[in-house]
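**Student:** model this:
(2 chains)
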There are 2 protein chains.
Amino acid sequence: MLSFSEKLTTAIQSKNNPTVMGLDPKLEYIPASLLQKWRAEFSDDEQFIEEALVRFNSALIDAVYDIVPAVKPQAAYYEMYGLPGLKALARTITLAKSKNMLVILDGKRNDIGSTASAYAAAWLGKTPLGETERAFWDADALTVNAYLGIDGIQPFIDIAEKNGKGIFILVRTSNPSATDFQDLELTDGRKVYEVVAETLTKWSKEYLGSDGYSPIGAVVGATWPEQAIKMRQVLQHSWILVPGYGAQGGTAADCAKQFKADGTGAIVNASRSLMCAYQKQMELPPEQFAEATRREALRMRDDLIKALRERDD
Amino acid sequence: MLSFSEKLTTAIQSKNNPTVMGLDPKLEYIPASLLQKWRAEFSDDEQFIEEALVRFNSALIDAVYDIVPAVKPQAAYYEMYGLPGLKALARTITLAKSKNMLVILDGKRNDIGSTASAYAAAWLGKTPLGETERAFWDADALTVNAYLGIDGIQPFIDIAEKNGKGIFILVRTSNPSATDFQDLELTDGRKVYEVVAETLTKWSKEYLGSDGYSPIGAVVGATWPEQAIKMRQVLQHSWILVPGYGAQGGTAADCAKQFKADGTGAIVNASRSLMCAYQKQMELPPEQFAEATRREALRMRDDLIKALRERDD
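**Tutor:** Residues are numbered from 1 along each chain as shown, chains lettered A, B, ... in the order given. From the prediction side, this is the model:
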């Protein structure tokens, strides 16, 4: 069985593109003319919601699966639409996998040990059903919040390790208030997020694959380039999931700092700038939103590749 | 509109019981004879799972709604059963509310601002649907992880405040590894969880109701009695959700430390010790699991009330 790291390396190298497309759909993101047309097809509200979200995601996946290695559905946007939203999430995961894209579920899940096991089984593993068991969601990786410490993380590691899946632990998030608690300074001079990163590296040492990576990745925002350089050194066995490119202000040069010298070790997320690319590409009619996303994905890929080529390390 | 704090006070006082029943169902928790019987009723696996979880929860709710003011479904256990599990969660919330129980959704959600808004809309607010909007899950309160700082928390506060709902922010969790990051010591001598608590109290001041409470509650485990005393003083405007009673080792006397002198300000959770009470009450046949839960709920209520009466503050 390939490790998650090996799958990620292969997927990124085969498409020469370290991008993950965030899939955070809102009905408001769908071009109005299409939404109105789709609305008229369904008398049932819930069926409309599910189908609209799936059609939007499906068009985006179809438009980029040959050039983008992974998608990152953000659980909040599906939970926001209740059961129809979660049905759309299940179908989106299946669709992306059918196109050989890796699926990183952005859920930032966290709890004490027994409940962490339930989350891990839900998203990365299998749920016992009497004599049998079933992988209900079957994502390839999950984002995790480590505030509860190792006994809340171990179940995610165990189930990821066993199933060739991965986790990404929040180290330094991309939002302005990341500083509130992550930057608190300790008696030994370190900051909280640095301790999280160092602890994560310690945990990683027990789970190293032949490529030097563990299944325990990290989230480090592109919006903190100074911290990112240090984090790349500390997180020596971790893939880094990089949010904050584009809309949040992170540049390709900032993101480039998060890769190892060999070009592996980081995957850069863009959500709204890819999903809603049509809103900025006035030369295309809104109905061709997926083509706009493809063009933006190609631009982003070239932007990242260029920044990686140009960095002076 | 009543605030969440007012609803909680009324519910607790009317039943003279500061208990919340955790609803973390697993198929394995259902007495084997019943599970087998229910299994035979359904040819469809997913329908069986949904119905089994709902029947179990429903029997527990029916058995205690006149003596227990609130339930706390733990999202992980429903996500673990995929869409059938989440259908069971939606029905469980509706059932509990139909019996006038408050519903605290234990999801420990967290994300950056725009996505935190989506989680808050999902669980505590309403989702825009073109010209209309809909409350899909409509819980009364949600547990939240604050690692991302205020811009990831503000949307939860805003939507809670607007809708008479509440949040409980993780301050000091009940698990052994709570010490890993929550206890890191800062240059000024404080610990991380103390800063989280103090910051939460600062945020609370802008949202005080006439009863002195804000919609911003806290989670402080019963397993840390020393810290709990201090936390009760710091968290002067917050309800405290207390996990860790029973199975995790917290006693009623430990829990009593988390209440204010007037007897308000805390609600104590028990999950497995209530849900699976039948496993310890050998005088009842397993089919009467709900009656066993009622007996344990009465015992727990009396245990807490006695400890509150006996504390010497």
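**Student:** switch to C-alpha atoms for all contacts and neighbour counts from now on
**Tutor:** Noted.
**Student:** What residues does the stretch 151-300 of chain A have near chain B?
**Tutor:** A:151-152, A:173-182, A:184-189, A:192, A:195-196 (CA under 8 Å from any CA of the partner chain).
**Student:** Mind checking which of those are in helices?
**Tutor:** Members of these lying in helices (criterion: DSSP state H): A:151-152, A:179-182, A:192, A:195-196.
**Student:** Name the nearest of those residues relative to residue A:284.
**Tutor:** Distance to residue A:284 across these (CA to CA) is lowest for residue A:179, with 39.9 Å.
**Student:** How many residues are close by the residue nearest to that closest one when sequence neighbours are not counted?
**Tutor:** Leaving aside its sequence neighbours, residue A:179 sits nearest to residue B:149 (CA to CA, 6 or more residues apart in numbering or on different chains; 7.2 Å). Other residues within reach of residue B:149, judged by other CA atoms under 10 Å in any protein chain shown, total 24.
**Student:** Helix or strand with the lowest mean pLDDT in chain A?
**Tutor:** helix A:225-234 (a mean of 94; mean pLDDT, DSSP states H and E).
**Student:** Tell me the buried residues in the helix or strand following it?
**Tutor:** Going down the chain from helix A:225-234, the next helix or strand is strand A:240-242, by DSSP states H and E. Across strand A:240-242, burial judged by 16 or more other CA atoms under 10 Å in any protein chain shown covers A:240-242.
**Student:** how distant is strand A:240-242 from the center of its chain?
**Tutor:** From the chain centre to the centre of strand A:240-242 is a distance of 8 Å (CA atoms, centre = their mean, to the nearest Å).
**Student:** sorry, back to before: in contact with the residue nearest to residue A:179, which residues?
**Tutor:** Contact analysis of residue B:149 by CA atoms under 8 Å, 6 or more residues apart in numbering or on different chains lists A:177-181.
**Student:** What residues does the stretch 1-150 of chain A have near chain B?
**Tutor:** For the stretch 1-150 of chain A, the residues in contact with chain B (CA under 8 Å from any CA) are A:27-28, A:76-77, A:79-83, A:86-87, A:108-113, A:115-116, A:118-119, A:121-123, A:127, A:129-130, A:136-137, A:145, A:147-150.
**Student:** Now restrict those residues to buried residues only.
**Tutor:** By neighbour count, with 16+ other CA under 10 Å, those hold A:27, A:76-77, A:79-83, A:86-87, A:108-113, A:115-116, A:118-119, A:121-123, A:127, A:136-137, A:145, A:147-150 as buried.
**Student:** Mark which of the residues you listed are part of strands, please.
**Tutor:** A:108-109, A:127 (DSSP state E).
**Student:** can you list these in JSON lines and add pLDDT?
**Tutor:** Converted to JSON lines, those look like this (pLDDT from 0 to 100):
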{"residue": "A:108", "pLDDT": "98"}
{"residue": "A:109", "pLDDT": "98"}
{"residue": "A:127", "pLDDT": "98"}
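**Student:** Now do the same contact list for the nearest residue to residue A:192 once chain neighbours are set aside.
**Tutor:** Distance criterion CA to CA, 6+ apart; nearest residue to residue A:192, sequence neighbours excluded, is residue A:182 at 5.1 Å. Shown in contact with residue A:182 (CA under 8 Å, 6+ apart): A:171-172, A:191-193, B:147-148.
**Student:** Mind doing that once more with 7 Å?
**Tutor:** A:172, A:191-193, B:147 (CA atoms under 7 Å, 6 or more residues apart in numbering or on different chains).
**Student:** circling back to that earlier point, I'd like the contacts of residue B:149 laid out as TSV, including pLDDT.
**Tutor:** Output for the contacts of residue B:149, formatted as TSV (pLDDT from 0 to 100):
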residue	pLDDT
A:177	96
A:178	95
A:179	95
A:180	96
A:181	97
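**Student:** re earlier: quick one: which of the ones in helices among the residues of the stretch 151-300 of chain A next to chain B has the most company?
**Tutor:** residue A:152 leads these on contacts (other CA under 10 Å) with 26 neighbours.
**Student:** where in chain A is pLDDT low?
**Tutor:** Residues of chain A that meet the criterion pLDDT under 70 lie in A:312-313.
**Student:** Centroid-nearest residue for it?
**Tutor:** residue A:72 (3.8 Å; CA atoms, centre = their mean).
**Student:** Does that residue belong to a helix, a strand or coil?
**Tutor:** strand (DSSP: H, G, I helix; E, B strand; the rest coil).
**Student:** Quick check: bridge partners of it?
**Tutor:** Counting by DSSP bridges, residue A:72 is bridged to residue A:22.
**Student:** dump the residue contacts of it.
**Tutor:** Listed by CA under 7 Å, 6+ apart, the contact partners of residue A:72 are A:20-23, A:103-106.
**Student:** cool, residue A:4 as well?
**Tutor:** Counting by CA under 7 Å, 6+ apart, residue A:4 touches A:164-166, A:215.
**Student:** Give the burial count for residue A:133, as a bare number.
**Tutor:** 11.
**Student:** meant to ask about residue A:204
**Tutor:** Neighbours of residue A:204 (other CA under 10 Å): 22.
**Student:** quick one: secondary structure of the nearest residue to it once chain neighbours are set aside?
**Tutor:** Of all residues not flanking residue A:204 in the chain, residue A:214 sits nearest, at 5.5 Å (CA to CA, 6+ apart). Following three-state DSSP, we place residue A:214 in the coil state.
**Student:** Name all residues that make contact with residue A:214.
**Tutor:** Residue A:214 makes contact with A:204, A:207-208, A:237-238, according to CA under 7 Å, 6+ apart.
**Student:** What backbone torsions are found at residue A:280?
**Tutor:** When quoted as degrees, to the nearest 10, the phi and psi of residue A:280 stand at phi -110, psi -10.
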